[in-house]
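here is my input, please return the structure:
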Amino acid sequence: MLYTNNHLLAIIQINIKDLICIFINNLTNLTQMNNFTTPPVKSLIFIFLCLILCFSPEQSFSQSENSIVKDSLFDISNRKMHWDMSFAFKTQNVFRGLLPAKAPTLSTNAGVIWKDWIFGFYGGVDFEGRYQETDFLLIYRRPRINFHLEYYYNFTEGISDIPTPSGLFDFNKQTTRGLLDFIVNIKLDKEKRWTLSSSTIIFGRDTNLEERIVGNEIITVRTDQRYSQYLELKHAWLWDDNKVEAHFGGNFSWHDLSGSTFYGKSAGINNIGIAFTKKLEINDKVKVPVKASFYLNPQAEKSYLILTVNLIQLSKI
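As a prediction, this is how the structure comes out:
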């Protein structure tokens, strides 16, 4: 069945109404428990309301622009089907204030681009052989807004309550290592310096855990899906071959606004950072992007300073 832009806008509006209903129900329950005054929750609720306003289809799609918003790795200015890739070295791998890989890491992105669609992959592995991740990405792009469905699968031992990976195609909530993430990125200004990002984990190992006694053994059982929500506001400054980005991100659970999330034991601010990127000129034809990033996770009381070198970048970005 073919969908026009009007159909897509109608679907988006319906989904927004559903999210607002869920939000109001959770907000009412939280207020009755007298937990609404928690500062991180108040801040995140305010950011989410801003997201709803910015996500209004009339506002997001009313801007007519000739340029196309590019993803950080994939160039879609070419309307013909083509492919793109990158290969990078990182001193550590940080994900929204969390540290999946403590050792130096190699990461690869590759994708096929056709018109406004991207089907891509991400792979990461550390030098110690402990961290291994494979992700599948489906992206739909429009001017100033894009939608992602990303499926993360982490093979790393001890990364979850399931010590040994059960397989890439294990979709049983009790045993899967996978996470399905729905992401929306919105450019808030015409210069595309301000970006508001929303991530909602809608399936996988993002669940509450409950210990149960079975015979003489204590086992862990996954119960309710937490639907962890992550919101991030980012601003970029660009000049010549230099780029500086600052971001501020926090999280909460749609299942329980005061409960635990994928990112911490409760709602909170888990990702504040600044990154400096410069293209180092090797010779007249080769420039290598190098990035130094500082991440602060106030919720976990941790910080990281990461160096990233993009060794291969075929994209024009």
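
just the CA atoms of the longest strand seen in the chain, as CSV, please.
Across the chain, the longest stretch assigned as strand under DSSP state E is strand 268-281. Extracted in CSV, the C-alpha atoms of strand 268-281 (Å, rounded to 0.1, in the frame of the first residue of the first chain):
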residue,chain,number,x,y,z
GLY,A,268,17.9,11.9,35.6
ILE,A,269,20.5,13.7,33.5
ASN,A,270,23.0,11.2,32.1
ASN,A,271,24.8,12.9,29.2
ILE,A,272,26.4,16.4,29.2
GLY,A,273,29.2,17.0,26.8
ILE,A,274,31.3,19.0,24.4
ALA,A,275,33.2,17.8,21.3
PHE,A,276,35.9,19.5,19.2
THR,A,277,36.4,18.3,15.7
LYS,A,278,39.1,19.4,13.3
LYS,A,279,40.1,18.1,9.9
LEU,A,280,43.9,17.5,10.0
GLU,A,281,45.6,18.0,6.6
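
check which element follows that strand along the chain.
strand 287-297 (DSSP states H and E).

count the residues that sit near the closest residue in space to A292 that isn't next to it in sequence.
Nearest residue to A292, sequence neighbours excluded (C-beta to C-beta, 6 or more residues apart in numbering): F276, at 5.0 Å. C-betas here are computed from N, CA, C, even on glycine. F276 is flanked by 14 other residues according to other C-beta atoms under 10 Å.

quick one: contacts for F276?
For F276, the residues meeting the contact criterion (C-beta atoms under 8 Å, 6 or more residues apart in numbering) are 242-244, 291-293.

where does the stretch 1-150 of the chain have low pLDDT?
Low-confidence segments of the stretch 1-150 of the chain (pLDDT under 70): 1-79.

on that earlier part again, next, format the contacts of F276 as CSV and append pLDDT.
Shown next, in CSV, are these (pLDDT from 0 to 100):
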residue, pLDDT
N242, 87
K243, 91
V244, 94
K291, 93
A292, 95
S293, 96
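
now those: which count as buried?
243, 291, 293 (16 or more other C-beta atoms under 10 Å).

how about CSV for those, with distance to S266 added?
Formatted as CSV, the buried ones among the contacts of F276 follow (distance: C-beta to C-beta, whole Å):
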residue, distance to S266
K243, 34
K291, 31
S293, 26
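
closest one of the contacts of F276 to I201?
Closest approach between these and I201, by C-beta to C-beta: S293, at 22.9 Å.

report the contact partners of the closest one.
Counting by C-beta under 8 Å, 6+ apart, S293 has contacts 94, 273-276, 304-308.

can I have the buried ones of the residues you listed as a ChimeraX selection?
The buried residues among these can be selected in ChimeraX (16+ other C-beta under 10 Å) with this line:
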select :94,273,275,304,306,308
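
pipe the contacts of S293 into JSON lines and attach distance to S258 per row.
What follows is the contacts of S293, written out as JSON lines (distance: C-beta to C-beta, whole Å):
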{"residue": "V94", "distance to S258": "26"}
{"residue": "G273", "distance to S258": "26"}
{"residue": "I274", "distance to S258": "30"}
{"residue": "A275", "distance to S258": "32"}
{"residue": "F276", "distance to S258": "36"}
{"residue": "Y304", "distance to S258": "27"}
{"residue": "L305", "distance to S258": "32"}
{"residue": "I306", "distance to S258": "31"}
{"residue": "L307", "distance to S258": "37"}
{"residue": "T308", "distance to S258": "35"}
